[in-house]
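Undergrad: pasted the sequence and its predicted model underneath.
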Amino acid sequence: MSGARRQRGFTLIEVLVALFVFLAAVTGILALMTTALELHRDGLQVARATRELEDVIAQVQREVSAGQHKGAEGQLQEIQPWKLANGSWCSVSWEPVRGDEPPIAAVRVATSQAALKTARPVRAVLADGPAPAQEAERLRTVRAHPPENP
């Protein structure tokens, strides 16, 4: 027999390098899955908040059309915060009316009554007549290019 024996299989270093590469790949995949789950949860929360806002805006639209939330002189009054069915809190304030513009509500939805103060408002046009999307576009155009006063 010759002095050099031929061995079969992998060396310990080769196995350790392969294991390291495998673990790095698995760690990356787990990080991607965690990020994907967080983004999915955020998307669900945005969808839920959008539905809540649409429901609140529709409710306020009905109430304003029915003559509620108006003072003695017909001006809109502040609506006190209220708790929604799912436990969230909601408040509605009114933007100053310019000329013959329809009322614009600033709607805030938050998880607690205290958080309403820092919640970002969503502005909604409450208009009888044209569809809200058309009315909002008209208001954007008018505000972007106001008529000049002679």
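TA: Nice, thanks for sending it over. Numbers count the residues shown, from 1 in each chain.
Undergrad: rest of the way, CA atoms for contacts and neighbours
TA: Noted.
Undergrad: residue closest to the middle of this protein?
TA: Closest residue to the average C-alpha location of the chain: Val46 at 4.2 Å, with CA atoms, centre = their mean.
Undergrad: look up how far Leu76 lies from that one.
TA: Shown here: Val46 relative to Leu76, a distance of 29 Å by CA to CA, to the nearest Å.
Undergrad: re earlier: can you tell me the helix or strand for the residue nearest to the centre of the chain?
TA: helix 12-65 (DSSP states H and E).
Undergrad: average model confidence for the following helix or strand past that helix?
TA: Sequence order places strand 79-83 as the next helix or strand after helix 12-65, per DSSP H and E. Averaged across strand 79-83, pLDDT comes to 90.
Undergrad: next: stretch 32-44.
TA: Here the average pLDDT along stretch 32-44 is 94.
Undergrad: what do you get for stretch 93-105?
TA: Stretch 93-105 comes out at a mean pLDDT of 81.
Undergrad: can you check stretch 13-22 too?
TA: Here the average pLDDT along stretch 13-22 is 96.
Undergrad: output that stretch as PDB, restricted to C-alpha atoms.
TA: Output in PDB follows, covering the C-alpha atoms of stretch 13-22 (Å, rounded to 0.1, in the frame of the first residue of the first chain):
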ATOM      1  CA  ILE A  13     -14.000  23.000   8.300                       C
ATOM      2  CA  GLU A  14     -16.100  22.300   5.200                       C
ATOM      3  CA  VAL A  15     -19.100  21.300   7.400                       C
ATOM      4  CA  LEU A  16     -18.700  24.400   9.600                       C
ATOM      5  CA  VAL A  17     -18.600  26.700   6.600                       C
ATOM      6  CA  ALA A  18     -21.700  25.000   5.100                       C
ATOM      7  CA  LEU A  19     -23.500  25.300   8.400                       C
ATOM      8  CA  PHE A  20     -22.600  29.000   8.700                       C
ATOM      9  CA  VAL A  21     -23.900  29.700   5.200                       C
ATOM     10  CA  PHE A  22     -27.100  27.800   5.900                       C
END
